[in-house]
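In: What follows is a protein structure lacking sequence information:
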Ligand SMILES: NC(=O)C1=CN([C@@H]2O[C@H](COP(=O)(O)OP(=O)(O)OC[C@H]3O[C@@H](n4cnc5c(N)ncnc54)[C@H](OP(=O)(O)O)[C@@H]3O)[C@@H](O)[C@H]2O)C=CC1
Ligand SMILES: O=C(O)C1=N[C@H](C(=O)O)C[C@H](O)C1
């Protein structure tokens, strides 16, 4: 039985994760964390998630539940995640990280922890998106050097704070790597005014933020006469939450290293 604690337990993903852990026969809900000083500290995390009392009170620090859990699941914000990584490394815990929007420096810092603990870090925990990444590799290799323009389009709810989404960036990276291009050099994240025609090698990104869209990603390969679109649409956060719980069970049996969902699913 994997003892899981969830940080950001009152957030959109945190509440869904409580539900997902409850539904998993091989995992147990060992704790939930809210922001230090939050008025929600002490509330029952089942009630926060809308599934009724579970008898687990929200804590406002990891230190308060350090002996209760084996794996932490963290879908919060970059600086919060890095602080939690340090805590887990210092206390012999494993961690599953879904947080997106990390800067290059923050990613480098996160990477360093792979030598100190076992972590799964992925911008999208759904099985469907991780399979889509494989399809993109094949499509990019077949089409990318044959005159097909590549564009990544993503849509999310009005509350999302980072752009492009972590998944869109990952899709761009997979396509770029498959073609021997660098996303740093060829990624185009803004087009406005007299920006001129697109270059053959650029990989364009477009972002939509509206309403309650859970998460949609399309990679378009377009040339004269045809276009192929590979699309993934999430209609419920449960798809991410179930993936994260699966990752937590998987990482509980791992030694040090930085892994992603492709490792967990067996697509690496
Ligand atoms: N990898 C994946 O599959 C997915 C990744 N994500 C990513 O997960 C992240 C969170 O998304 P979402 O759930 O929508 O965002 P929310 O804003 O709904 O949730 C974040 C939660 O973290 C809490 N929080 C902030 N600081 C702390 C702290 N110091 N200690 C404990 N809790 C804290 C917030 O509390 P408060 O509200 O009080 O500030 C909030 O409840 C984003 O980066 C998003 O992109 C989302 C979906 C899927
Ligand atoms: O913030 C979200 O909601 C999501 N974020 C992730 C991302 O940035 O890719 C994954 C998912 O699409 C939902």
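Out: Sure thing, it's come through. Keep in mind the model is a prediction, meaning the values are calculated, not measured. Ligands and ions are numbered 1, 2, ... in the order given.

In: List, one by one, the residues from the stretch 51-200 of the chain near ligand 1.
Out: 75-77, 80, 98-101, 122-125, 166 (C-beta under 6 Å from any ligand atom). C-beta coordinates here come from the backbone N, C-alpha and C atoms, glycine included.

In: restrict those to those near ligand 2?
Out: For ligand 2, the contacts drawn from those by C-beta under 6 Å from any ligand atom are 100, 123, 124, 166.

In: re earlier: with secondary structure and neighbour count as added columns, please give the residues of the stretch 51-200 of the chain next to ligand 1 in TSV.
Out: Formatted as TSV, those follow (DSSP: H, G, I helix; E, B strand; the rest coil; neighbours: other C-beta atoms under 10 Å):
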residue	secondary structure	neighbour count
75	coil	26
76	coil	21
77	coil	16
80	helix	16
98	coil	25
99	coil	24
100	coil	23
101	coil	17
122	coil	27
123	coil	22
124	coil	27
125	coil	27
166	helix	18
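
In: Make JSON lines from these and add pLDDT and distance to residue 86 to it.
Out: Compiled in JSON lines, these are given as follows (pLDDT from 0 to 100; distance: C-beta to C-beta, whole Å):
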{"residue": "75", "pLDDT": "98", "distance to residue 86": "18"}
{"residue": "76", "pLDDT": "98", "distance to residue 86": "14"}
{"residue": "77", "pLDDT": "98", "distance to residue 86": "15"}
{"residue": "80", "pLDDT": "98", "distance to residue 86": "11"}
{"residue": "98", "pLDDT": "98", "distance to residue 86": "18"}
{"residue": "99", "pLDDT": "98", "distance to residue 86": "14"}
{"residue": "100", "pLDDT": "98", "distance to residue 86": "19"}
{"residue": "101", "pLDDT": "98", "distance to residue 86": "19"}
{"residue": "122", "pLDDT": "98", "distance to residue 86": "20"}
{"residue": "123", "pLDDT": "98", "distance to residue 86": "21"}
{"residue": "124", "pLDDT": "98", "distance to residue 86": "24"}
{"residue": "125", "pLDDT": "98", "distance to residue 86": "22"}
{"residue": "166", "pLDDT": "98", "distance to residue 86": "21"}
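
In: Tell me which two of those sit farthest apart.
Out: The span of those, defined through C-beta to C-beta, is set by 80 and 124 at 19.2 Å.

In: where in the stretch 1-150 of the chain is pLDDT low?
Out: Within the stretch 1-150 of the chain, no range satisfies pLDDT under 70.

In: which one is the residue of the stretch 1-150 of the chain found nearest ligand 2 nearest to, not counting chain neighbours?
Out: Ligand 2 sits closest to residue 100 of the stretch 1-150 of the chain, with a gap of 3.7 Å, by C-beta to the nearest ligand atom. Nearest non-adjacent residue to residue 100, counting by C-beta to C-beta, 6 or more residues apart in numbering: residue 166, 3.0 Å away.

In: Wait, the one you found touches residue 107, no?
Out: No: judged on C-beta atoms under 8 Å, residue 166 makes no contact with residue 107 at a distance of 10.6 Å.

In: residue contacts, the residue in the chain positioned nearest to ligand 1?
Out: Per C-beta to the nearest ligand atom, residue 11 is where the chain lies closest to ligand 1, at 2.2 Å. Going by C-beta atoms under 8 Å, 6 or more residues apart in numbering, residue 11 touches 75, 76.

In: Next up, the contacts around the residue nearest to residue 100.
Out: Counted by C-beta under 8 Å, 6+ apart, residue 166 has contacts 100, 101, 123, 124.

In: re the thing from before, contacting residues around the residue of the stretch 1-150 of the chain closest to ligand 2?
Out: Going by C-beta under 8 Å, 6+ apart, residue 100 touches 123, 162, 165, 166, 167.

In: Give the buried residues for the host helix or strand of the last one.
Out: Think residue 167. Here residue 167 sits within helix 166-178, counting by DSSP states H and E. By neighbour count with 16 or more other C-beta atoms under 10 Å, helix 166-178 contains the buried residues 166, 167, 168, 169, 170, 171, 172, 173, 174, 175, 176, 178.
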